[in-house]
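K.L.:
Quick one: sequence plus predicted model below, questions after.
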Amino acid sequence: MAGNPDITTAYAGESAGVYISAALKQAKSLEYMTTYENIKYKRTLQVMTHSSALVKNSSCDFDAQGTLLLADKILTPKLLEVNIQLCKSDVLDDWQAAQMQAGALNSDFSADFMAFVMSYVAGHIGQGVENHIWTGADANAGSFEGFTTATSGAFAQDGNVVAVANQGGAGNAFDALNIIANLGAGLAASPDTIYGADDLYIYISPKSYRLYIEAISKLGYVNAYNMSGEYVPMFNGVNIAMCPGVPNDEIIVARQSNLFFGTDLVSDQTEVRMLDMTPLDGSDNVRLIAKFSGAVQCGIGAEIVHVS
């Protein structure tokens, strides 16, 4: 391949969404949430509860029983962007080697190189989104409000999320001695109506997960030194979701259908653009611009438990 071909290219809307979707999927927490992908500006989540029993004995007359309560939660994705400058020589050799290994001649240099560079930054975008989901703050540049953020987060704004104190003592870290007690306290505070639901999860950090494995290994329930890949982490019959963005020393118990992430993969505001700076300023740089959006919201706060 002679010289440095012009690799300027741009995608918007649905075409860009393919790249952004791949990046967002690097955020592991999204595997355990309900995701809305095509929110243009905002989405209203209608949350329905009831004030008392709805079923009564049959009679000939109509006699209203109970009250349905309908509340609105708003999911408003915030527009974010990534601006990165790379030197062609830093990535071009690796890209060409990958193409040769694939054994195919490349007829669309721009598109393939775009995908290759995006694979470099997808992990960064995914990691950032993973952290923002739980602890992000809208006041911080490049972030949106997370679930557990103090005062301004989705849980705090809801006001009905069940708060459970750290069983190891306020301000103390989880350890192998108190992790079981903290998991038990979180599950015990969960409403009986959601226990046994197929999409009920206990959300914990990797650190808390390691402590849990250490604790049950000491109790003889598993062999921490010889665990097969088929092991499914559970506590008292509830699946454990290990999510890197969950804060250490905190536990969340909730249904997947009660935690929401919103974005827009088809809007014209969703954009992935790569600029070849060689014909513009004579440098050997490539600039990557990626624009996307994200936000979280919870549904019924009273069915969520937050141990901290």
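P.N.:
Looks like it arrived, so ask away.

K.L.:
Could you count how many residues lie near the nearest residue to Ser205 once chain neighbours are set aside?
P.N.:
Sequence neighbours aside, Val246 is the residue nearest to Ser205 in space, at 4.4 Å (criterion: C-beta to C-beta, 6 or more residues apart in numbering). Yep, even glycine has a C-beta here, placed from its N, CA and C like the rest. Applying other C-beta atoms under 10 Å, we find 27 other residues in the vicinity of Val246.

K.L.:
go on, the one 4 residues further on?
P.N.:
As a burial measure, the neighbour count of Glu250 was computed by other C-beta under 10 Å and equals 20.

K.L.:
surely it meets Thr148?
P.N.:
Yes: assessed by C-beta atoms under 8 Å, Glu250 is found in contact with Thr148 at 6.3 Å.

K.L.:
Give me the distance between the residue nearest to Ser205 and Gln256.
P.N.:
Separation of Val246 from Gln256 (C-beta to C-beta, to the nearest Å) stands at 14 Å.

K.L.:
about what we covered before: what about the residue nearest to Ser205? Give its phi and psi, please.
P.N.:
Val246 adopts backbone torsions of phi -60, psi 130, taken as degrees, to the nearest 10.

K.L.:
now do the one 4 residues further on
P.N.:
Backbone torsions of Glu250, given as degrees, to the nearest 10, read phi -140, psi 150.

K.L.:
How about it: what's its closest non-neighbour residue?
P.N.:
Nearest residue to Glu250, sequence neighbours excluded (C-beta to C-beta, 6+ apart): Ser308, at 4.5 Å.

K.L.:
buried stuff in stretch 234-241?
P.N.:
Neighbour-count burial for stretch 234-241, counted by 16 or more other C-beta atoms under 10 Å, picks out 235, 238, 240-241.

K.L.:
What's the end-to-end length of that stretch?
P.N.:
Terminal residues of stretch 234-241 are spaced 9 Å apart (C-alpha to C-alpha, to the nearest Å).

K.L.:
do stretch 136-147 as well
P.N.:
Note: stretch 136-147 ends 8 Å apart using C-alpha to C-alpha.

K.L.:
Can you list the strands that the longest strand seen in the chain pairs with?
P.N.:
Looking across the chain with DSSP state E, the single longest strand is strand 285-298. Under the criterion DSSP bridges, strand 285-298 sits next to strand 78-87 (antiparallel), strand 259-262 (antiparallel), strand 271-276 (antiparallel) in its sheet.

K.L.:
quick one, which of those is packed in tightest?
P.N.:
Among the strands paired with strand 285-298, ranked by average contacts under mean count of other C-beta atoms under 10 Å, first place goes to strand 259-262 (a mean of 24).

K.L.:
what's near enough to touch the nearest residue to Phe144 once chain neighbours are set aside?
P.N.:
Excluding the flanking residues, the one nearest Phe144 by C-beta to C-beta, 6+ apart is Lys78, at 4.3 Å. Lys78 sits next to 138, 144, 293-295 when contact means C-beta atoms under 8 Å, 6 or more residues apart in numbering.

K.L.:
Narrow these to just the buried residues.
P.N.:
By 16+ other C-beta under 10 Å, the contacts of Lys78 give 144, 293-295 as buried.

K.L.:
among those residues, which one has the lowest pLDDT?
P.N.:
On pLDDT alone, Ser293 ranks lowest of the buried ones among the contacts of Lys78, at 90.

K.L.:
quick one: it and Pro77 touch, right?
P.N.:
Yes: using C-beta under 8 Å, Ser293 is in contact with Pro77, at 3.6 Å.

K.L.:
Name the residues contacting each of those two.
P.N.:
Between them, Ser293 and Pro77 share the contacting residues 39, 262-264, judged by C-beta under 8 Å, 6+ apart.

K.L.:
ok, so of those, who is nearest Phe174?
P.N.:
Nearest to Phe174 out of the shared contacts of Ser293 and Pro77 is Gly262 (C-beta to C-beta; 30.4 Å).

K.L.:
That closest one pairs with what?
P.N.:
Beta-bridge partners, per DSSP bridges, of Gly262: Tyr36, Ala295.

K.L.:
which ones are touching it?
P.N.:
35-36, 39, 43, 75-77, 293-297.
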